[in-house]
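In: can't give you the sequence, but here's the structure:
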């Protein structure tokens, strides 16, 4: 999805960390000047903010979070914001390290909020490659496994099977361009335009609070809570593994609401990960997901299934795109595109409107008039702003470094990419790189205004433009998917870096240390993410197969977008195009109504992008997420303050523990160690037949 921060910046479905932002605003009201608290503490030079221990901790946490993001990528594609977890665990590891050294008399440099910011930046940059690298979307959509699920463009010219060497090479030549594209604009974005960047601001408040005595005490309690639920989640994943000795076995296939509901994907699958995700995502996201599941699997698909033999041939396999599967995939695509298109023009409009007012008023101190009736009057510069601006401008990154870096990497990648993807000609790459800085700026600027990153929307735009340009006869599907990867990496890293600059600005971390940390984190991610994906690919032989544990649903969605862009509507079954038009229009209309009625009533209107996800996947994970929401809701009713303080820690623990269990489970699968028990559920008639057979 395309709505950034807590549903996530890094998914095909995103949202906002509302609770965290509210908490931060409350903190601001209690203590209006953060920097006066830290006035007595010396700010280390940028070289000392980049410590060996910071990057060691970043490397360990990057592996942890890459496993989590990869698992989420390959299951449902919903990835929550992991900034809180990264900040908490980074603080805990380094604080423990420095405390031990302090007791032994070996501590040479204290742990600062600037170093904490470097760790958080590095971890998020590294684990972010697991999303922008397309392992659950465009990159895996090139594979033969996914191509076999389509009836179009499944020839060798449009297939590129995963391989560790080319995946690492591809990521290295495309992942750094976005960083260089927005560096010259950092002062304009952060100081002149005073863009909000809610996620970056929230992260800065979190890190600042950790390094006050009261905040450090709370952080220790939060880390302990995270550790308890991490252990519980890991052990629960280990326990479940014993019962999965075959297809359809284990707690994940528990028919909670009966076998008929299970047939239509309505069941609770005991996933600690998605219970945790549900606790992080706002209530509206989870309710929208559930409504989408009920509308599709509860109403539409049973009705369309009754048209078997009329709307589509009765003898088709369940995975054929000319049958029921085609309706599931293409209607979901229509809603995703409708929502993405609406938000693209909305954010673009906000961007142009904001720029127009900046130029017209020629007042750098004026807050951009987005979401308000009229521009507010300029405020006097506060002590915090003076202090932060002074240090933010102190360590400049020369503009020539950014220009030379962008041009050099652009030339290398334009020469290299056609050798990795034959249909992606060098002139396609050059055209992308000419327009990419403008699009990267628009994404970074729009993200600063609305907290929405439209990285996947720009990627989909590249799929259709480059795919149609290449043509069906010249590998247009593969060219479109590769172009999507190039574009997504550029615009995604650009918005991530500006978010980090905002965090660094508010924690007095040097722009140079932020930039270098982002580069090191990106380089880590270019190696860690392909290796983690390769482990999944080798360990789970049914990876990418519909109905499997790791079905990588968005890989098929992205591939079919590319087919649609190249071949038009020929792949659609009967009446599917009409339904696609209806749901495409409905997504635009619902978004329009949400914006028209304002925030007060919009919270009761579902999000079309969230509704689209279960159209293809089913409702099982939405039930898990709603259970997470219910737990948080009851907790807030009982003790709102405690829920606000420890809810994210509990959710992070559940996600991290279950996510890291995939490492030992992958190793067991590679070693040929199989679970000993198959727990399976049968109907009474099927059970009677089995019993009779065994008795005979």
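Out: Cool, the structure landed. This structure is a prediction, so every number in the text was calculated from the model and none was measured.

In: for this structure, what are the low-confidence residue spans?
Out: For the chain, applying pLDDT under 70 flags the ranges 1-32, 80-81, 83-84, 105-107, 151, 319, 358-381, 450-452, 570-571, 696.

In: on contacts alone, who are the packing partners of the longest helix along the chain?
Out: Counting residues, the longest helix found in the chain (DSSP state H) is helix 324-361. Applying 3 or more CB pairs under 8 Å, 6 or more residues apart in numbering; DSSP states H and E, we find helix 324-361 packed against helix 301-305, helix 426-450, helix 455-470, helix 553-567, helix 576-597, helix 608-617. No exception for glycine: its C-beta is placed from N, CA and C like everyone else's.

In: Now tabulate those helices in CSV and tack on mean neighbour count and distance to residue 76.
Out: Converted to CSV, those look like this (neighbours: other CB atoms under 10 Å; distance: least, CB to CB, whole Å):
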stretch, mean neighbour count, distance to residue 76
helix 301-305, 15, 18
helix 426-450, 21, 24
helix 455-470, 25, 15
helix 553-567, 26, 7
helix 576-597, 16, 19
helix 608-617, 27, 6
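
In: got CSV for the ones you listed, with distance to residue 268 too?
Out: Converted to CSV, those look like this (distance: least, CB to CB, whole Å):
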stretch, distance to residue 268
helix 301-305, 20
helix 426-450, 34
helix 455-470, 29
helix 553-567, 19
helix 576-597, 27
helix 608-617, 14
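
In: Any idea how far the longest helix of the chain is from the middle of the chain?
Out: 17 Å (CA atoms, centre = their mean, to the nearest Å).

In: Pull out the buried positions in the helix or strand harbouring residue 513.
Out: Using DSSP states H and E, the element containing residue 513 is helix 511-539. Buried residues in helix 511-539, counted by 16 or more other CB atoms under 10 Å: 511-530, 532-537, 539.

In: And it, what does it pack against?
Out: Applying 3+ CB pairs under 8 Å, 6+ apart, one finds that helix 511-539 contacts helix 46-49, helix 52-75, helix 113-132, helix 164-174, helix 177-182, helix 476-507, helix 640-670.

In: Now for residue 207: which residues touch it?
Out: If you count contacts by CB atoms under 8 Å, 6 or more residues apart in numbering, residue 207 has them with 87, 91, 113, 116-117, 120, 503, 507.

In: out of those residues, which one sits closest to residue 443?
Out: In terms of CB to CB, no member of the contacts of residue 207 lies closer to residue 443 than residue 503, at 17.6 Å.

In: The closest one and residue 96: what is the separation?
Out: As judged by CB to CB, to the nearest Å, residue 503 and residue 96 stand 23 Å apart.

In: For the helices and strands packed on helix 511-539, give me a markdown table that also has distance to residue 555.
Out: Formatted as a markdown table, the helices and strands packed on helix 511-539 follow (distance: least, CB to CB, whole Å):
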| stretch | distance to residue 555 |
| --- | --- |
| helix 46-49 | 39 |
| helix 52-75 | 9 |
| helix 113-132 | 13 |
| helix 164-174 | 14 |
| helix 177-182 | 23 |
| helix 476-507 | 10 |
| helix 640-670 | 18 |
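
In: and residue 200, which of the ones you listed is closest to it?
Out: Residue 200 sits nearest to helix 476-507 of all those, at 3.4 Å, using CB to CB.

In: for that closest one, the distance to its chain's centre please.
Out: Helix 476-507 sits 12 Å away from the centroid of its parent chain (CA atoms, centre = their mean).

In: chain center to stretch 536-552, what's the gap?
Out: On CA atoms, centre = their mean, the centre of stretch 536-552 falls 20 Å from that of its chain.

In: and residue 267, backbone torsions?
Out: phi -160, psi 160 (degrees, to the nearest 10).

In: and the closest residue to it other than its chain neighbours, how far is that from residue 657?
Out: In space, and not counting its chain neighbours, residue 267 is closest to residue 256: 4.5 Å by CB to CB, 6 or more residues apart in numbering. Remark: distance between residue 256 and residue 657 (CB to CB) = 22 Å.

In: returning to that earlier point: counting neighbours, go ahead and name the busier of residue 503 and residue 96.
Out: residue 503 (28 against 14; other CB atoms under 10 Å).

In: was I right about that one contacting residue 206?
Out: No: between residue 503 and residue 206 there is no contact under CB atoms under 8 Å: 9.3 Å.

In: thinking again about what came up before, please identify which of the helices and strands packed on helix 511-539 is closest to residue 212.
Out: Closest to residue 212 of those is helix 113-132 (CB to CB; 9.5 Å).

In: the more surrounded of residue 256 and residue 657?
Out: Per other CB under 10 Å, whichever of residue 256 and residue 657 has more neighbours is residue 657, with 26 against 13.

In: which element is the closest residue in space to that one that isn't next to it in sequence on?
Out: Counting by CB to CB, 6+ apart, residue 657 lies nearest to residue 233, which is 2.8 Å off, once chain neighbours are set aside. Using DSSP H and E, residue 233 falls within helix 213-241.

In: Packing partners of that helix?
Out: Helix 213-241 is packed against helix 83-104, helix 198-210, helix 272-280, helix 640-670, with contacts defined by 3+ CB pairs under 8 Å, 6+ apart.

In: between the shortest one and helix 213-241, how big is the angle?
Out: Compare the direction of helix 272-280 with that of helix 213-241 by axes from the mean of the first three to the mean of the last three CA atoms, to 10 degrees and you get 140 degrees.

In: With the last one instead?
Out: Using the same axes, to 10 degrees, the direction of helix 640-670 lies 40 degrees away from that of helix 213-241.

In: just checking, next helix/strand downstream of helix 640-670?
Out: Counting by DSSP H and E, what follows helix 640-670 is helix 684-695.

In: what's in contact with that next one?
Out: residue 682.

In: and if you look at stretch 395-413?
Out: So stretch 395-413 is contacted by 46, 173-174, 176-177, 179-181, 183-184, 186, 429-430, 433, 437, 486, 510-513, 515 (CB under 8 Å, 6+ apart).

In: Quick check: buried residues in the longest helix of the chain?
Out: By neighbour count on 16+ other CB under 10 Å, the buried set for helix 324-361 is 324-344, 346-347, 350-351, 354, 357-358.

In: just stretch 624-642 next, same as before
Out: Neighbour-count burial for stretch 624-642, with 16+ other CB under 10 Å as criterion, is recorded at 624-629, 631-632, 635.

In: Please identify which of these is nearest to residue 202.
Out: residue 632 (17.9 Å).

In: can I assume that closest one sits in a helix?
Out: Yes: assessed by DSSP: H, G, I helix; E, B strand; the rest coil, residue 632 belongs to a helix.

In: quick one: it from residue 278, how far?
Out: 8 Å.

In: cool, and residue 426?
Out: Between residue 426 and residue 278 the computed distance is 46 Å (CB to CB).

In: list the helices and strands the helix or strand residue 286 falls within packs on?
Out: Using DSSP H and E, residue 286 sits within helix 283-293. Applying 3+ CB pairs under 8 Å, 6+ apart, one finds that helix 283-293 makes contact with helix 608-617, helix 620-638.

In: Can you spell out which helices and strands pack onto the longest one?
Out: Packed against helix 620-638, as judged by 3+ CB pairs under 8 Å, 6+ apart, are the following elements: helix 272-280, helix 283-293, helix 640-670.

In: and of the ones you listed, who's closest to residue 260?
Out: Distance to residue 260, taken as CB to CB, is lowest for helix 283-293 among the helices and strands packed on helix 620-638, at 15.2 Å.

In: tell me the angle of the closest one relative to helix 608-617?
Out: 40 degrees.

In: Buried residues, helix 283-293. List them.
Out: 284-293.

In: With stretch 232-249 instead?
Out: Neighbour-count burial for stretch 232-249 [16+ other CB under 10 Å]: 232-234, 236-237, 240-241, 243-244, 249.

In: circling back to that earlier point, farthest pair within the contacts of residue 207?
Out: Among the contacts of residue 207, 91 and 503 lie farthest apart (CB to CB), at 14.1 Å.

In: Alright, that wraps it up for me.
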